[in-house]
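In: Structure, please.
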Amino acid sequence: MTKCLDVCLTPALIPLYKVEDYIVVVIDIFRATSSITYGIGNGAEAIIPVAEVAECAAYREKGEDYLLAAERNGEVVDGFDFGNSPFSYTAEKVAGKTIVLTTTNGTHALHLARSAKRVVIGSFFNLTALCNWLKGQHENILLVCSGWKNNFNLEDTLFAGAIVEQLKTEGYTLDDPAIAANDLFQLGKHDISQYLSKTSHGERLKKLGIEKDIAFCLQIDITTAIPVLEGEKLVNLA
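Out: Model prediction:
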């Protein structure tokens, strides 16, 4: 059976795919999936992605010791423990903890993909570990780029192209967005940081004074953790 390796360029296009037929990789490089991967790699027990700020706040009433993380438009929402900067997901802060997270783009894409065969999280942090795992699954794969408010963005698409680069010789049929994403990766791969320095979301983060997050999120293979959605929680793939 021919396996498909497809790329969904924005969450707005997810309805065009029958996600039940795929393993879905959710990608939000600046910064949600990077922070999720880093947090799980640093020993967070689980991360619960929720779509809305109010859903996140509601966990205060559940009587358990949750860390609440909420980000909108690149900034921490007032009254929450932190947002989605990877620097908030160090072992000292998150080891053994359950975090409830809502972000502008990444958790939105996650919720739209929930009916997939499996949902896993991708970032530069776990690129090789993720690709090695995907190679062993023998399933259709859909790489979902979280984009920016349902629009296309460069960083997520380039990362999708990095996955395509590692999988394209494994017998997959690529759709046009996958081919385009891989072409984009070929353009940027020799200096990813320089290539992505022109992104619109990068400019937003710079205006907020958090350029260091951008550089941090572009580190490759700093963990082998692969967050996977189990019920409502993201946990480390056993």
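In: From the chain's centroid, how far away is the one helix or strand in the chain whose mean pLDDT sits lowest?
Out: Counting by mean pLDDT, DSSP states H and E, the weakest-scoring helix or strand in the chain turns out to be helix 200-207, with a mean of 76. Here the centre of helix 200-207 is set off from its chain's centre by 18 Å, with CA atoms, centre = their mean, to the nearest Å.
In: average pLDDT for the helix or strand that that helix is followed by?
Out: Later in the chain than helix 200-207, the nearest helix or strand by DSSP states H and E is helix 211-217. Averaged over helix 211-217, pLDDT sits at 90.
In: tell me which residues of helix 211-217 are tucked away?
Out: Within helix 211-217, the residues that count as buried by 16 or more other CB atoms under 10 Å are 213, 214, 216, 217. Where you see a C-beta, it was placed from the backbone N, CA and C, and this is true even at glycine.
In: ok, residues contacting that helix?
Out: Helix 211-217 has contacts (CB atoms under 8 Å, 6 or more residues apart in numbering) with 29-31, 34, 85-87, 123-125, 193, 196, 202, 205-206.
In: show me what contacts the residue nearest to residue 144 when sequence neighbours are not counted?
Out: Spatial nearest neighbour of residue 144, excluding adjacent residues (CB to CB, 6 or more residues apart in numbering): residue 8 at 4.7 Å. Listed by CB under 8 Å, 6+ apart, the contact partners of residue 8 are 14, 16, 17, 142, 143, 144, 145, 177.
In: Over to residue 106?
Out: Residue 106 makes contact with 26, 28, 32, 33, 36, 49, 84, 146, according to CB under 8 Å, 6+ apart.
In: Next, the closest residue to it other than its chain neighbours: phi, psi?
Out: Excluding its sequence neighbours, the residue lying closest to residue 106 (CB to CB, 6+ apart) is residue 32, at 2.8 Å. Note on residue 32: backbone dihedrals following degrees, to the nearest 10 are phi -60, psi -50.
In: Please renumber the chain so that the first residue is 52 from this point on.
Out: I'll keep to 52 as the first residue from here, and by that count the last item is residue 83.
In: In contact with residue 83, which residues?
Out: 122, 135, 152, 154, 156, 157, 158, 197.
In: Including distance to residue 53, could those go into JSON lines?
Out: Listed next are the contacts of residue 83 as JSON lines, based on distance: CB to CB, whole Å:
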{"residue": "122", "distance to residue 53": "39"}
{"residue": "135", "distance to residue 53": "37"}
{"residue": "152", "distance to residue 53": "36"}
{"residue": "154", "distance to residue 53": "35"}
{"residue": "156", "distance to residue 53": "31"}
{"residue": "157", "distance to residue 53": "30"}
{"residue": "158", "distance to residue 53": "32"}
{"residue": "197", "distance to residue 53": "27"}
